[in-house]
Every structure is written in structure tokens, then in C-alpha cells.
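Trainee: based on what follows, work out the 3D shape:
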Amino acid sequence: MEIRTVSGQQAVDRVGAAEYLGLALSTVRIFSSPAQRPTTGFPAPLPDRDDRRDWFALVDLDAYRASRSATVTAPTSDADPDGLIGVAEFAALRGVTAGTFRSYVRHSLNDWQEHRDGLLPYPDEITAARNGSTYRWKRRHAVAWAFPERSRTGGRTPGRAPTVADLESVLNDDVGGTLKNRNIATALSERLGRPVSLQTVLRLKQKRSQQDDAAPGA
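Mentor: Numbering: from 1, shown residues only. Below you'll find the predicted structure:
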């Protein structure tokens, strides 16, 4: 985690903020967006940008973590770990509003169509409803996702993890530049023989952009 002095304060970028808070980078991206900050309470970046990146003061992140710890609902030890919970209970478990959680659902739909985790884990139960679908998760899966600092069970997805070089190879094959992120995820999955989520594509694109910014003469 890189810590710099920005605007006279010790600060980290979004990647560092995710590591510092023990949150997924995709979660920090959403929480820290101008549209979501009034709802999530995530601190605003410092006024000075360094290396074309936003930076967040550690003291502000400490205050945010303290407030979040006071509001997030901790799972009870006597709850059935295999019991199913819906969107409302999952949102309360994560400490976000129902509206914010619904945006997580929307960002996950493309991956769920491929039966894999997206911004949210793939639901354990999907049932048809009058206006779409109803999603439910086993409590233990929701807890593992809502509290990523806790140890998660299960092994890694088999196969080599995708790299920026893999992303560039797929993009180079896209002569017309028409591939959308979900198409890139599919192409990477076929290339590597393992599921690649939309979230992973977004991470690779951000890393590629950071490498371009850091390149001499950029």
C-alpha cells in the first residue's frame, strides 16, 4: 500500500483505501463516487490530485471506518448459516441502504447470467417475480462477502489469473473496438479456461490505465 503526503496529509489512493479498509476495490469505487458519497458517508478525496489520481486522507478513512463499525450489523452466532436471506437483510448486514444495494445487484447481473460472482456473490436461490427476479443467499455466503476481512472458505478458482497482458491481447484482437466489458470477460474466460468476472475486467483496465499514466512521456 502506497502512502503519500498530499495536501499536507498522509493519504492513499483508491487501491490503498480498499486495502486500508479491508474492502473490495470495486466497493470503494462505488462508495467513493460523488453520486454515492452522500449515501455511503465515504470521505471526499483531498483537493490536490497526484499522478492523476484521487487521494484520501488516512485520518478521514479512520473516521469512516469507526462510523461504519458502529452502524454495520454484526451477524449473530445463533443464526442458521445455511438459512436464506434476501436483499433487505443482506443490505443491512453490509451496512448500506436498500437503494445502494440494488445498484450492486444491477452491476452484478451480467456476471450472474454466466453463473458466477459479480460485484455481489451469485445468489443461492433465484425465483421469478412479477417485476423481475427475487434473489436470496445463504447467510454464510453473505457474511463472507460482507466481511471480507474474515477468512473465507474454499480454494482459488483453478487456472492462471488474468493479467494486463491478457487484456491487451484481447483488445488487440478487437480491431473495431466494439467489445464491451462483458464480452471481454467472456473472451478472457475462453482464453484462460477459467471464469473471469466483469469485476476482474474493470480491475485490469484500471491497472492498465495506471501503467499508462506511469509510463515515461505519458
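
Trainee: hey, let's count contacts and neighbours off CA atoms from now on
Mentor: OK.

Trainee: show me where this structure has strands.
Mentor: Along the chain, counting by DSSP state E, strands occupy 4-6, 9-12, 56-57, 84-85, 125-129, 132-138.

Trainee: now render these as TSV, adding distance to Asn183, mean neighbour count and mean pLDDT.
Mentor: Compiled in TSV, these are given as follows (distance: least, Cα to Cα, whole Å; neighbours: other Cα atoms under 10 Å; pLDDT from 0 to 100):
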stretch	distance to Asn183	mean neighbour count	mean pLDDT
strand 4-6	37	15	87
strand 9-12	32	20	88
strand 56-57	33	25	92
strand 84-85	31	19	92
strand 125-129	24	10	90
strand 132-138	23	16	91
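
Trainee: show me the contacts for the residue positioned nearest the centre of the chain.
Mentor: With distances taken as Cα atoms, centre = their mean, the residue of the chain nearest its centroid is Ser26 (2.4 Å). Shown in contact with Ser26 (Cα atoms under 8 Å, 6 or more residues apart in numbering): Leu119, Gln199, Arg203.

Trainee: now it: how far from Val143?
Mentor: 18 Å (Cα to Cα, to the nearest Å).

Trainee: which sections of the protein are below the confidence cut-off?
Mentor: 68-78, 96, 147-160, 175, 194, 212-218 (pLDDT under 70).

Trainee: any chance you could map the helices in it?
Mentor: Counting by DSSP state H, the chain has helices at residues 14-21, 25-31, 37-40, 58-71, 87-94, 98-113, 139-146, 164-173, 181-192, 198-214.

Trainee: give me whichever of the ones you listed is most buried.
Mentor: Mean neighbours per residue, mean count of other Cα atoms under 10 Å, is largest over the helices of the chain for helix 139-146, with a mean of 20.

Trainee: and the angle from that one to strand 132-138?
Mentor: Compare the direction of helix 139-146 with that of strand 132-138 by axes from the mean of the first three to the mean of the last three Cα atoms, to 10 degrees and you get 90 degrees.

Trainee: and the closest residue to Thr163 other than its chain neighbours, what is it in contact with?
Mentor: Using Cα to Cα, 6 or more residues apart in numbering and skipping the chain neighbours, the partner closest in space to Thr163 is Leu204 (6.9 Å). Counting by Cα under 8 Å, 6+ apart, Leu204 touches Thr163, Val164, Leu167.
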